[in-house]
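In: pasted the sequence and its predicted model underneath.
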Amino acid sequence: DTGVSQNPRHKITKRGQNVTFRCDPISEHNRLYWYRQTLGQGPEFLTYFQNEAQLEKSRLLSDRFSAERPKGSFSTLEIQRTEQGDSAMYLCASSLVGGTRSRQHFGDGTRLSIL
Amino acid sequence: AQRVTQPEKLLSVFKGAPVELKCNYSYSGSPELFWYVQYSRQRLQLLLRHISRESIKGFTADLNKGETSFHLKKPFAQEEDSAMYYCALNTGGGNKLTFGTGTQLKVEL
């Protein structure tokens, strides 16, 4: 178990460009979450998947944001036409959901900087 | 709407002193609360959850529904406890978490 893996660790891009982040969850985990964390704040929920189905999206997730988990394994988060306000740490977490509530395991995050 | 409040951004204590990190929540449903910790250069990790009623690394937290609080306590702080601590609330469907803004604990020698 190598834990949740996120790539890249850092991404610097110019305003208006598109970016894509990848998250590889713990292999047997069926739930995958995306959070965003800005300076001085706690993580804020963006969206989550159960297997390949995206079950909920936060109002924080504008139409420039899209997330996929095509085979119920890894997930990608794409931001189109990036803006200064998108600069943040993007965190991925996964969990195994069975009969009882389960803990979430977090990755190291991808830090996005918009120039 | 659900909310988690951690009133202190920074808490500085001396080694061996008691520690209390405050957390208050607002939620209309049945709350499930967690404390997550992030040590320097490490990822966010679960410290403890209220339903387990456990003590991890000497820390305990009791859910007080009357005061809507879930304060984290440790009787004697250690240097290795220095970290950022986040209180989080499981807001039902999907088990998504609502986090507080975090408290940086600094244990001084």
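Out: Structure's in. What do you need?

In: ok, B:A1 - how many residues close by?
Out: Using other CB atoms under 10 Å in any protein chain shown, B:A1 has 7 neighbouring residues. C-beta here means a position set from N, CA and C on the backbone, and glycine is covered the same way.

In: so it touches B:G29, yeah?
Out: No - taking contacts as CB atoms under 8 Å, B:A1 lies outside contact range of B:G29: 11.7 Å.

In: give me the buried positions along stretch B:20-33.
Out: Going by neighbour count (16 or more other CB atoms under 10 Å in any protein chain shown), the buried part of stretch B:20-33 is B:L21, B:K22, B:C23, B:N24, B:Y25, B:Y27, B:P31, B:E32, B:L33.

In: turn the residues you listed into TSV, columns for pLDDT.
Out: Output for the buried residues of stretch B:20-33, formatted as TSV (pLDDT from 0 to 100):
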residue	pLDDT
B:L21	98
B:K22	98
B:C23	98
B:N24	97
B:Y25	96
B:Y27	91
B:P31	88
B:E32	90
B:L33	93
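
In: so which of those residues are also by chain A?
Out: When contact is defined as CB under 8 Å from any CB of the partner chain, these meet chain A at B:E32.

In: among the buried residues of stretch B:20-33, which one sits closest to chain A?
Out: Using CB to the nearest CB, B:E32 comes nearest to chain A of the buried residues of stretch B:20-33, at 6.3 Å.

In: how about that closest one: what's its closest non-neighbour residue?
Out: In space, and not counting its chain neighbours, B:E32 is closest to B:N90: 3.9 Å by CB to CB, 6 or more residues apart in numbering or on different chains.

In: run through the bridge partners of the one you found.
Out: B:E32, B:L97 (DSSP bridges).

In: ok, now B:F59?
Out: Residues in beta-bridge contact with B:F59 (DSSP bridges): B:I56.

In: what's the burial count for it?
Out: B:F59 has 19 neighbours, counted by other CB under 10 Å.

In: could you check the pLDDT of it?
Out: B:F59 carries a pLDDT value of 95.

In: my guess is it contacts B:H71, does it?
Out: No - contact criterion CB under 8 Å: B:F59 and B:H71 do not qualify, at 10.6 Å.

In: three-state assignment of A:I26?
Out: Assigned with DSSP: H, G, I helix; E, B strand; the rest coil, A:I26 falls in the coil class.

In: hang on, it packs against A:S94?
Out: Yes - because the distance of 5.2 Å satisfies CB under 8 Å, A:I26 is recorded as touching A:S94.

In: got the residue ranges for the strands in the chain?
Out: I'll assume chain A. Along chain A, counting by DSSP state E, strands occupy A:5-7, A:10-13, A:19-24, A:31-37, A:44-50, A:53-57, A:65-68, A:75-79, A:88-95, A:105-106, A:110-114.

In: wait, chain B was what I had in mind.
Out: Using DSSP E, the strands found in chain B span residues B:3-5, B:10-14, B:19-21, B:24-26, B:32-38, B:45-49, B:60-61, B:72-74, B:83-90, B:97-99, B:103-108.
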